[in-house]
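[1] model the structure of this input:
(one chain, ligands or ions: 1)
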Amino acid sequence: ENKKGEDILENVKRQVRTGDDDLQQQVEGINIKIENLENTIAMLKSELQLAKTKINATAYPHVKKRNYSERKRILVTGGAGFVGSHLVDALMADGHEVTVVDNFFTGRKQNVVHWIGHPNFELMNHDIVNPIFIEVDEIYHLASPASPPNYMYNPIKTIKTNTLGTINMLGLAKRVKAKMLLASTSEVYGDPEQHPQTENYWGNVNPIGPRACYDEAKRVAESMCYAYKKQEALEVRVARIFNTFGPRMYMNDGRVVSNFILQCLQNKSVTIYGDGQQTRSFQYVTDLVEGLIQLMNSNYSLPVNLGNPEEHSIEEFATIIKKLSGSSSKIVHVKAMEMTQGKESQILKELD
Ligand SMILES: O=c1ccn([C@@H]2O[C@H](COP(=O)(O)OP(=O)(O)O[C@H]3OC[C@@H](O)[C@H](O)[C@H]3O)[C@@H](O)[C@H]2O)c(=O)[nH]1
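    Next up is the predicted model:
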């Protein structure tokens, strides 16, 4: 009986041991599966992260779809600048291929950063004082410092950019048979004796005044455009741009709009240069861009003024900004060396 009992016990023990082993194997199998699943989850998580990064990196502003034959290849010199970058936005949105050439003297990469990597966009760090060889259908030639303190900072460089730079762009336009638009300036009228200035007014510029590096260089740039038009049958457009303001204008730009707004916001003195009776008109940057594109697409090749027809005296403008910003700033009249040209210098001398 005892022997039988021991055999049964032994048998049961064997079965339990086998059961344990099976169970052990099953548990191990499950553990391996869990580990595999965990690896798969980790892999999926990192793939998801990568996809999210890619989506964010390619979240470009909307671009119109155009087929190859409708898409123009457009060069914008100074395309990383204040006006240039808004022009780039409009041309890109319209579905064209845009190449920006900028030496980043006053331009900023930040102004066009939202296009970097887009297949229709290219950014080149290049100074147009040196020639460039690319293939384009249109050239918007905007490269030049435009704010008086900036263009007077290095007058020789300003002259080179607007003369050598313009010749290089005209040479490029001639080689590839591109249409070229020159961003000229209201400053070609100098200290005007005619108000408002029509395009057939020849201006009143002091060739050796402090603004001459800009005024005269832009005047010769215009002359070059028409020489190339006459001699080489080049299609040219000349926009005489008046004082412009808007987003991406630098706080320290030095022009009157940003100066007055900043001074009012900081409750600092609003600095009117001279007696403040000099007048200006101010246009919003996207209006200007619309004008530039329309001019390029038109068949009109003589110079065109682009600005706001409504003029204000600088004094009046200071009062408007002060009121709108609710500032407690004082409005003061100061003498600014860099503004001393023509009638303004006359006024400043009188104030002395
Ligand atoms: O703080 C300031 C700044 C400027 N001003 C005055 O405000 C007037 C406008 O001066 P801005 O510096 O804004 O520039 P301007 O209008 O003379 O030229 C500008 O407009 C035309 C563009 O093509 C030129 O590139 C740009 O320089 C000037 O009479 C100037 O003397 C002030 O009274 N206080």
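
[2] in the stretch 251-352 of the chain, where is pLDDT below threshold?
    Along the stretch 251-352 of the chain, the model assigns pLDDT under 70 to residues 336-352.

[3] the ligand contacts on that one?
    Residues of the stretch 251-352 of the chain found near the ligand (CB under 6 Å from any ligand atom) are 255-256, 259, 271-273, 278, 280, 314, 339. For glycine as for every other residue, the C-beta is placed from the backbone atoms N, C-alpha and C.

[4] in helices, which of those residues appear?
    Mapping those onto helices (DSSP state H) picks out 256, 259, 314.

[5] got the contact list for E122?
    By CB atoms under 8 Å, 6 or more residues apart in numbering, E122 lies in contact with 97-100.

[6] redo that, cut-off 10 Å
    E122 sits next to 73, 75, 79, 97-101, 115-116, 134 when contact means CB atoms under 10 Å, 6 or more residues apart in numbering.

[7] which among these end up buried?
    For the contacts of E122, a neighbour count by 16 or more other CB atoms under 10 Å gives the buried set as 73, 75, 79, 97-101, 115, 134.

[8] among the ones in helices among the residues of the stretch 251-352 of the chain next to the ligand, which ones are buried?
    The buried subset of those - by 16+ other CB under 10 Å - is 256, 259, 314.

[9] once you drop chain neighbours, what's closest to the second one?
    Closest residue to N259 apart from its sequence neighbours, by CB to CB, 6 or more residues apart in numbering: T271 at 6.7 Å.

[10] which strand residues bridge the one you found?
    Per DSSP bridges, the residues bridged to T271 are V332.

[11] close to the ligand: what parts of the stretch 101-250 of the chain are there?
    146-148, 185-187, 241-243.

[12] could you tell me which of those are located in helices?
    Taking DSSP H, the ones among those that sit in helices are P148.

[13] pretty sure V129 is touching K160, no?
    Yes. Using CB atoms under 10 Å, V129 is in contact with K160, at 5.1 Å.

[14] export the contacts of E122 to a markdown table and tack on secondary structure and pLDDT?
    Formatted as a markdown table, those follow (DSSP: H, G, I helix; E, B strand; the rest coil; pLDDT from 0 to 100):
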| residue | secondary structure | pLDDT |
| --- | --- | --- |
| R73 | strand | 98 |
| L75 | strand | 99 |
| G79 | coil | 98 |
| E97 | strand | 98 |
| V98 | strand | 98 |
| T99 | strand | 98 |
| V100 | strand | 98 |
| V101 | strand | 98 |
| W115 | helix | 98 |
| I116 | coil | 97 |
| I134 | coil | 97 |
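
[15] domain ranges for the chain?
    The chain resolves into domains spanning 1-59, 68-245+283-310 when parsed by automatic domain parsing.

[16] which among the contacts of E122 gets closest to K323?
    G79 (36.0 Å; CB to CB).

[17] for N150, see how far away that closest one is.
    Going from G79 to N150 by CB to CB, to the nearest Å gives 17 Å.

[18] likewise T158?
    In this view, T158 and N150 are 8 Å apart by CB to CB.

[19] quick one: which of those two has more around it?
    T158 (25 against 19; other CB atoms under 10 Å).

[20] and the more buried one, what does it touch?
    105, 144-146, 150-152, 165, 211-214, 216-218 are the contacts of T158 under CB under 10 Å, 6+ apart.

[21] let's see which of those residues end up in helices.
    Going by DSSP H, the helices hold 150-152, 165, 212-214, 216-218 from these.

[22] restricted to buried residues, select the residues you listed in PyMOL.
    Provided next is the PyMOL selection string for whichever of the ones in helices among the contacts of T158 are buried by 16+ other CB under 10 Å:
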select buried, resi 150+151+152+165+212+213+214+216+217+218
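
[23] which stretches of the protein form helices?
    Under DSSP H, the chain gives helices at 2-57, 82-93, 148-153, 155-176, 212-232, 256-265, 285-297, 314-325, 342-351.

[24] reformat these into JSON lines and put distance to R248 next to each item.
    Listed next are the helices of the chain as JSON lines, based on distance: least, CB to CB, whole Å:
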{"stretch": "helix 2-57", "distance to R248": "22"}
{"stretch": "helix 82-93", "distance to R248": "5"}
{"stretch": "helix 148-153", "distance to R248": "15"}
{"stretch": "helix 155-176", "distance to R248": "20"}
{"stretch": "helix 212-232", "distance to R248": "21"}
{"stretch": "helix 256-265", "distance to R248": "11"}
{"stretch": "helix 285-297", "distance to R248": "8"}
{"stretch": "helix 314-325", "distance to R248": "19"}
{"stretch": "helix 342-351", "distance to R248": "28"}
